[in-house]
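J.: mind folding the following:
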Amino acid sequence: MESAAASQMTLGVVVALVLVALAFDFLNGFHDAANSIATVVSTRVLKPYQAVLLAAVANFVALLVFHLSVATTVGKGIVDQSVVDHYLIFGALIGAIAWNIITWYYGLPSSSSHALIGGLVGAAVAKAGTWSLLTPGILKTVAFIFISPLLGFVLGSLLMLATSWIFVRTTPSRVDRWFRRLQLISASLYSLGHGGNDAQKTIGIIWMLLIAAGYTGANDSVPAWVVIACYMTIALGTAFGGWRIVKTMGQRITKLRPVGGFCAETGGAVTLFLATALGIPVSTTHTITGAIVGVGSTQSVSAVRWGIAGNIVWAWILTIPCSAFIAGLAWWIGRQLF
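T.: Numbers count the residues shown, from 1 in each chain. Now for the predicted structure:
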């Protein structure tokens, strides 16, 4: 089956699909820029353009920090390689891109990561049925839909409680002054984790495509040009920013001060670093939302606007099935048109 798929994939088809994958990567950065910068902008530590530049640089620098564990999971751990062809990759990418655009339009911070996983699942099932899915990779990805925001919540709230206790005798103005500086570090770390986890998902997709097309072996390492292109593209997407979502993430869930922003970003960054080290594609959106809610809940239950948080949770729940449905439809349309 691999040779049949490779024989149908001309260089032009592969180049076109690589460009579509990079378009998804750009939209990933554009859509998820708010995750990296919302807290540091809403606390007025940085102006929007300064925060965007910081996040974009950190996104790219992540290629020097993280191993390609997440790329391996996406490229080899979600769908059986024998069913991968250009129609499947096309369907998966269109499903993910379409869901990203829909949620961006409505200002919902959904997960680009899970949209891509949903796209892969939907296109694979449409082509070959559920047997083509690799259960271990899907299960750990689905598990972290719940674990990553919960871990972000716990770490964010614990950090907030710890700093409140440590600085209990310090005046609010001094606390603000210190944490305005510290938030530069926490925002950079979160953006580093964002780039490290999210860019690798597109690396995994392109790697999967190149293996199916016969341009690289299943046991070969990822070509360097793929790694550099994906990290550069997600950084460019972040540089353009997803401003519609910044307001939701930064102020509509709960009001943040610099100390709260620092705790949310640090809790989120620790979660992302851990998941990336374990090779698990997680949602940066889920993670930072959980951390922000955790920080807000330490002030009082009423400090969190649970209605807004509830709408975000619904977007999370719908992401995989909706992107999977769109991807299955796109796979069928691709088969008819191409």
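
J.: now Val79. Its backbone dihedrals?
T.: Dihedral angles of Val79 (phi, psi; degrees, to the nearest 10) stand at phi -130, psi 140.

J.: what are the ranges of the helices in this structure?
T.: 2-8, 11-42, 48-61, 69-76, 86-105, 112-128, 135-166, 172-213, 224-240, 243-247, 258-277, 284-299, 306-337 (DSSP state H).

J.: in CSV, list those helices along with mean pLDDT.
T.: Shown next, in CSV, are the helices of the chain (pLDDT from 0 to 100):
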stretch, mean pLDDT
helix 2-8, 52
helix 11-42, 84
helix 48-61, 87
helix 69-76, 93
helix 86-105, 90
helix 112-128, 92
helix 135-166, 91
helix 172-213, 91
helix 224-240, 93
helix 243-247, 52
helix 258-277, 93
helix 284-299, 83
helix 306-337, 83
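
J.: distance check, Ile206 against Ala229.
T.: 8 Å (Cβ to Cβ, to the nearest Å). (C-beta placed from N, C-alpha, C; glycine too.)

J.: the more surrounded of these two?
T.: Neighbours per residue (other Cβ atoms under 10 Å) separate Ile206 from Ala229, with Ile206 holding more: 27 against 19.

J.: ok, now which ones touch the more buried one?
T.: Ile206 makes contacts with Val18, Ala21, Val226, Cys230, as judged by Cβ atoms under 8 Å, 6 or more residues apart in numbering.

J.: output the residues you listed as CSV; include the columns neighbour count and distance to Arg335.
T.: As requested, the contacts of Ile206 are exported to CSV (neighbours: other Cβ atoms under 10 Å; distance: Cβ to Cβ, whole Å):
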residue, neighbour count, distance to Arg335
Val18, 19, 20
Ala21, 29, 19
Val226, 23, 26
Cys230, 30, 27
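
J.: in contact with Val18, which residues?
T.: For Val18, the contact set (Cβ under 8 Å, 6+ apart) comprises Ile206, Leu209.

J.: before we move on, back to that, which of the contacts of Ile206 lies closest to Arg169?
T.: Ranked by distance to Arg169 (Cβ to Cβ), the contacts of Ile206 are led by Cys230 at 47.7 Å.

J.: give the contact list for that closest one.
T.: Counted by Cβ under 8 Å, 6+ apart, Cys230 has contacts Leu22, Asp25, Ala199, Gln200, Thr202, Ile203, Ile206.

J.: now swap in Leu318 and tell me
T.: Contacts of Leu318 (Cβ under 8 Å, 6+ apart): Ser110.

J.: could you do Thr163 as well?
T.: Phe179, Val259, Phe262, Cys263.
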